[in-house]
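K.L.:
Sequence unavailable; structure follows:
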């Protein structure tokens, strides 16, 4: 957390501290500075593994029924986070600030927390505003996913997932040679086949495979993979994603446990 050591008596803050703290937090790409606020404190909660155990006759300690992700780890629960913010705007601007923040409340947002250098995603809520010595303060609460999120992409098909959890990629495929099917291979094994509804995919056709949203589009129109297809999942480490006769670009969200 950025240290808050530049505060004056009586609740007044120096311009230097306000400038630093106004850029310490952004909501869906909008910095607190644009809302006339700055960050005063942050508390990031734990993300404990969601375990489940059940009694079983003649078995000491029962049986472990914990659900595990593709990495073989227990899926962690959500992470409660709180961000204290302040503003010293005049009455008219203060009302605008509260309305502007209200546009994000109740929505799933991505909060960029500068000391973490990554985003947290979850639903945002806010407590009541309080006024003292010309400064209004409020606490934003984020019911966040357990991981910090980062952006990665490659245009070579060679992927290295550096996070501590699996990633669900978005594949941007451009057909270079006309063909009836698009076959996506992960580490040498075919995981998905997308057949053409018109007989052939012409050269220049664009396909998007969004593994997180479970959606396939061909030139912007929804399409379906075959029933024996799987959505590609990238576990931490190196991978090779290939698509014969096509140019493939890959984007994914790194997910870090902290």
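P.N.:
Received, thanks. Everything quoted here is computed from the prediction, not taken from an experiment.

K.L.:
which residues in this structure form helices?
P.N.:
15-22, 91-102 (DSSP state H).

K.L.:
What's the mean pLDDT across the last one?
P.N.:
Taken as a whole, helix 91-102 carries a mean pLDDT of 87.

K.L.:
re the thing from before, of the helices of the chain, which is nearest residue 138?
P.N.:
Proximity to residue 138 (C-beta to C-beta) singles out helix 91-102 among the helices of the chain, at 7.8 Å. Using the backbone N, CA and C atoms, a C-beta is placed for each residue, glycine as well.

K.L.:
which of the helices of the chain sits most buried?
P.N.:
With neighbours taken as mean count of other C-beta atoms under 10 Å, these reach their highest mean count in helix 15-22, at a mean of 16.

K.L.:
And the average pLDDT for it is what?
P.N.:
When the per-residue pLDDT values of helix 15-22 are averaged, the result is 65.

K.L.:
about what we covered before: make JSON lines out of the helices of the chain and add distance to residue 165.
P.N.:
Formatted as JSON lines, the entries for these read as follows, by distance: least, C-beta to C-beta, whole Å:
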{"stretch": "helix 15-22", "distance to residue 165": "30"}
{"stretch": "helix 91-102", "distance to residue 165": "30"}
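
K.L.:
Quick one: closest of the ones you listed to residue 163.
P.N.:
Checking these against residue 163 by C-beta to C-beta gives helix 15-22 as the closest, at 27.8 Å.

K.L.:
List the contacts of residue 157.
P.N.:
Applying C-beta atoms under 8 Å, 6 or more residues apart in numbering, we find residue 157 in contact with 240-243, 248, 250.

K.L.:
repeat for residue 179
P.N.:
The neighbours of residue 179, taking C-beta under 8 Å, 6+ apart as the test, are 196, 200-201, 244-245.

K.L.:
Columns pLDDT and neighbour count on top of these, output as TSV?
P.N.:
Written out in TSV, the entries for the contacts of residue 179 read as follows (pLDDT from 0 to 100; neighbours: other C-beta atoms under 10 Å):
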residue	pLDDT	neighbour count
196	93	17
200	92	12
201	95	25
244	94	12
245	94	15
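
K.L.:
Can you flag which of the residues you listed belong to strands?
P.N.:
Of the positions in the contacts of residue 179, not one sits in strands, assigned by DSSP state E.

K.L.:
Considering the residues you listed, which is situated nearest to residue 147?
P.N.:
residue 244 (33.2 Å).

K.L.:
From residue 60, how far off is the spatially closest residue to that closest one that is not a sequence neighbour?
P.N.:
With C-beta to C-beta, 6 or more residues apart in numbering as the measure, residue 183 is the residue that lies nearest to residue 244, at 6.3 Å, once sequence neighbours are left out. Residue 183 sits 49 Å away from residue 60 when distances are taken as C-beta to C-beta, to the nearest Å.

K.L.:
Thanks a lot, catch you later.
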